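Asker: Sequence and predicted structure below; questions after.
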Amino acid sequence: MNDRITSDDRVPASRHGEGRMFLAEAVRDLRTTGAVAPSGKALARALTEPVRARGRRPLSVLEVGAGTGAITRVLIPQLSRGSRLDIVEANPRFATRLRSLVDAHPALADRPAQVTVHQTLLENLATDERYDVIVSGLPLTNFTPAQVEQIMSRYMELLHPGGTLTYFAYLGTRRARALTASRTEARRHAAVDEVMTGYQRRYATGRWTVWANVPPAYAWHLKGPLVPTQQQRSIQAERR
C-alpha cells in the first residue's frame with residue numbers, strides 16, 4: 001500500500017455560502033453531515049484520482065454523501081461520453097442543491113441524463129448497477145460500528161470486481177474524541193476504527209495525507225474483491 005502526501009492548494013477554495021449551509025446542516029443532523037465545511041480541492045482530487053487514472057473510457061461512478069457538491073464539481077468534468085454518475089445524498093436540502101448544480105453544469109449541457117441525483121440513504125438505493133469507482137463522503141465516524149459494517153458491505157457489493165472505493169478520514173479524530181467525548185462515545189469511535197482497519201488491511205491500495213484540507217485528512221483507496229465474499233453473496237441472496 002502506498003502512503004503519500006499532497007500539499008497543493010494550501011489555501012482551500014472559499015465558498016462562503018456553501019460553508020454556512022454545511023455548518024447549519026451539521027448542527028441539524030450530524031448523522032448525515034459529518035463536517036463543518038465542504039471538502040477542499042486537494043482532497044476532492046485525491047478522492048477522484050481513480051476516475052482520471054482510467055483515462056477516457058466510459059465508467060460507472062457512484063458518489064455517496066455528496067453534500068453541497070464540492071467533490072461532484074471535480075467529478076463531472078472528468079466523465080467521458082458514455083459514463084454514468086449516480087449521486088446518493090440523504091439530506092433533502094443538499095439533494096436539491098445538487099440537482100441545481102447538475103442542471104446548470106456546462107459540461108452536461110448536451111448530456112443531462114449522464115448524472116442522476118438520488119435523495120435516499122445508501123442502504124435504500126435500489127439499483128442493479130455495479131460501479132467502477134465509488135467515492136464516499138459519508139461521515140463514517142459518526143455511525144455505529146454495525147452501521148459502518150453495513151455501509152462498507154454495501155459498497156463492496158456495488159463495486160465491479162476489482163473496482164475502487166475511495167473515502168476520507170480526518171486526522172486525529174479518535175484522539176480528540178478520547179480527550180473530549182464521553183467514554184461511551186470514545187469506545188464507539190474506537191470500534192468504528194477497528195471495523196475500518198479490517199477493510200484497510202484486506203483491500204487498501206493507497207493512502208494520501210491531504211494537509212491542505214480543513215481539517216487535514218487521509219484519502220483512502222480500496223480495491224474491491226475480484227470474487228464476492230461469502231458475506232456479500234449472502235447479502236445479495238437476501239436482496240433477491
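Answerer: The structure has been received and is ready for your questions.
Asker: Point out where this protein drops to low pLDDT.
Answerer: 2, 4-38, 174-179, 228-240 (pLDDT under 70).
Asker: Work out which residue lies at the spatial centre of it.
Answerer: The centre of the chain sits closest to residue 136, judged by Cα atoms, centre = their mean, with a distance of 1.2 Å.
Asker: Now for the closest residue in space to that one that isn't next to it in sequence, how many residues are close by?
Answerer: Closest residue to residue 136 apart from its sequence neighbours, by Cβ to Cβ, 6 or more residues apart in numbering: residue 167 at 3.9 Å. C-beta: built from backbone N, CA, C; applies to glycine. When neighbours are defined as other Cβ atoms under 10 Å, residue 167 has 24 of them.
Asker: re the thing from before, how close does the residue nearest to the centre of the chain sit to residue 110?
Answerer: Remark: distance between residue 136 and residue 110 (Cβ to Cβ, to the nearest Å) = 29 Å.
Asker: just to revisit the earlier point, pretty sure the residue nearest to the centre of the chain is touching residue 164, no?
Answerer: No - Residue 136 lies out of contact with residue 164 (Cβ atoms under 8 Å); the separation is 11.1 Å.
Asker: Send me the lengthiest helix in the chain as CSV with only the CA atoms.
Answerer: The longest helix of the chain (DSSP state H) is helix 183-203. What follows is helix 183-203 as a C-alpha-only set of coordinates in CSV (Å, rounded to 0.1, in the frame of the first residue of the first chain):
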residue,chain,number,x,y,z
ARG,A,183,-16.3,7.1,27.5
THR,A,184,-19.2,5.6,25.5
GLU,A,185,-18.6,7.9,22.6
ALA,A,186,-14.9,7.2,22.7
ARG,A,187,-15.5,3.4,22.7
ARG,A,188,-17.9,3.7,19.8
HIS,A,189,-15.3,5.7,17.8
ALA,A,190,-12.6,3.1,18.6
ALA,A,191,-14.9,0.3,17.5
VAL,A,192,-15.5,2.1,14.2
ASP,A,193,-11.8,2.4,13.7
GLU,A,194,-11.4,-1.3,14.2
VAL,A,195,-14.0,-2.0,11.5
MET,A,196,-12.3,0.3,9.1
THR,A,197,-8.8,-1.1,9.9
GLY,A,198,-10.1,-4.5,8.9
TYR,A,199,-11.2,-3.2,5.5
GLN,A,200,-7.9,-1.3,5.1
ARG,A,201,-5.8,-4.4,5.8
ARG,A,202,-7.8,-6.5,3.2
TYR,A,203,-8.3,-4.0,0.4
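Asker: looking just at contacts, which helices and strands does the helix or strand that that helix is followed by meet?
Answerer: Once the chain leaves helix 183-203, the next helix or strand it forms, by DSSP states H and E, is strand 204-210. Helices and strands touching strand 204-210, by 3 or more Cβ pairs under 8 Å, 6 or more residues apart in numbering; DSSP states H and E, are strand 2-6, helix 41-53, strand 217-223.
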